[in-house]
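J.: pasting the sequence and the predicted coordinates here, then a few questions.
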Amino acid sequence: MLLRLLVCCCLLFTLPVQALTIAMVLWRGETDAERGFRAELIRLGYNPSFITFNANQDRSALATLLRQQLLPSLAQYDYIYSFGTTATTMVKSLIGERKPLIFNIVSDPVGAGILSEERSDNPMVAGSSNLVPMALQLANARKHLPNSKGLLLPFNPREQNTLLTAELLLREAKRYQWDLTTWRIAPDKRRLTNELKRLQQDAKQSIVFLAADSYLLSIAPELLAALNEASIPTICSAEQFVQHDCTVSTISSYDTLGRMTASIIHRHLQGTPLQEIPLQTDPAPRLVLGKQLAP
């Protein structure tokens, strides 16, 4: 019996590691989502190699990368991984169903046209959403923020995720008798200083809700510094805002979502069709309170 166990253990440790080649299409460089994704694939027994295409938040640059570098070498990849709504939408439009597309950190994949509500229409795409239920976000915020103030939502007209957030926020805010005002921000860093001064003025009597908007995330340090300087409380729905001292945040873990996204590939390689793998979400979003609420 002991000899048989030793033989089985030796066989387990000598099983070949499956190699994978994955194109990683990133919107704003590597995040904890990619680090978790990579670590989980290795833990599951794969030997992944990655070719990275980083947009640096530039649509035009990403389009060029995809057309000139990704598309000509498409045959060499087992999977295409993409981060965020913008990058995923562009990749899906380019490659169609020629390669399995595994997306991560997309708030509303159905609304963005990445996933169809009809599962059979998704044979080559699956992924994760970082969206935290709005009811939970406002329930947490309500416990810690004054109900005498209204809500103000900075609105980037180029960002589809903000449209989704506005719809969800309007619906839930009514339950708490919170008035909602949308506030259009120019997504142009050359105008940032003036836009932040205008925001400080217009949000004096409000709580600012910061959605997981690509432009807002890119200016997170300056944005939170301006709001905190003016003592304007904030509700944040993305992990990147937390490090810049948002007042109340309820967020999905990028590391967790990265690992869940890796599990999609594992399940697919074990024989589960992509259309049978449901959209992955963080089962336990985390509440984080800023130093403004410290006793």
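T.: Ah, there it is.
J.: the longest helix in the chain is where?
T.: Longest helix of the chain, by residue count under DSSP state H: helix 254-269.
J.: which elements pack onto it?
T.: Where contact means 3 or more CB pairs under 8 Å, 6 or more residues apart in numbering; DSSP states H and E, helix 254-269 is packed against helix 32-43, strand 101-104, strand 125-129, strand 280-281. Every C-beta, even on glycine, is put in place using the N, C-alpha and C of the backbone.
J.: and the angle for it with helix 32-43?
T.: Helix 254-269 and helix 32-43 meet at an angle of 40 degrees, taking axes from the mean of the first three to the mean of the last three CA atoms, to 10 degrees as the criterion.
J.: which residues touch helix 254-269?
T.: With CB atoms under 8 Å, 6 or more residues apart in numbering as the test, helix 254-269 has contacts from 18, 20, 31-41, 44, 46, 79, 81, 100, 102-105, 126-128, 130, 239, 274, 277, 280-282.
J.: lowest average confidence, helix or strand, in the chain?
T.: Least confident element among the helices and strands of the chain, by mean pLDDT, DSSP states H and E: helix 2-13 (a mean of 47).
J.: with mean pLDDT, mean neighbour count and distance to residue 87 added, can I get the helices and strands packed on helix 254-269 in a markdown table?
T.: Below are those laid out as a markdown table (pLDDT from 0 to 100; neighbours: other CB atoms under 10 Å; distance: least, CB to CB, whole Å):
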| stretch | mean pLDDT | mean neighbour count | distance to residue 87 |
| --- | --- | --- | --- |
| helix 32-43 | 98 | 19 | 12 |
| strand 101-104 | 98 | 26 | 8 |
| strand 125-129 | 98 | 25 | 12 |
| strand 280-281 | 98 | 18 | 18 |
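J.: just tell me which of those ends up closest to residue 292.
T.: Smallest distance to residue 292 across the helices and strands packed on helix 254-269 (CB to CB): 24.6 Å, for helix 32-43.
J.: what's the closest one packed up against?
T.: Using 3+ CB pairs under 8 Å, 6+ apart, helix 32-43 sits against strand 18-26, strand 46-54, strand 79-83, strand 101-104, helix 254-269.
J.: rewinding a little: so for residue 231, which of the helices and strands packed on helix 254-269 sits nearest?
T.: Closest among the helices and strands packed on helix 254-269, using CB to CB: helix 32-43, at 30.1 Å.
J.: okay, the helices and strands packed on helix 254-269 in a markdown table with distance to residue 227 next?
T.: Formatted as a markdown table, these follow (distance: least, CB to CB, whole Å):
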| stretch | distance to residue 227 |
| --- | --- |
| helix 32-43 | 24 |
| strand 101-104 | 28 |
| strand 125-129 | 26 |
| strand 280-281 | 28 |
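J.: among the ones you listed, which is nearest residue 52?
T.: helix 32-43 (8.7 Å).
J.: report the angle between that closest one and strand 79-83.
T.: Between the axes of helix 32-43 and strand 79-83, defined by the same axes, to 10 degrees, the angle is 150 degrees.
J.: got phi/psi on the spatially most central residue of the chain?
T.: In the chain, the centroid-proximal residue (CA atoms, centre = their mean) is residue 105; its distance is 2.4 Å. Phi and psi for residue 105, reported as degrees, to the nearest 10, are phi 60, psi 50.
J.: which ones are touching it?
T.: By CB under 8 Å, 6+ apart, residue 105 lies in contact with 31, 33, 83-84, 128-130, 254, 257.
J.: farthest pair in the residues you listed?
T.: Checking those with CB to CB, the most distant pair is 31 and 129, at 15.2 Å.
J.: can you read off the pLDDT for the residue nearest to the centre of the chain?
T.: With respect to pLDDT, residue 105 has a value of 95.
J.: for residue 289, see how far away it is.
T.: 23 Å (CB to CB, to the nearest Å).
J.: just the strands in the stretch 101-250 of the chain please.
T.: 101-104, 125-129, 150-155, 180-184, 206-210, 234-236, 248-251 (DSSP state E, counting those that start in this stretch).
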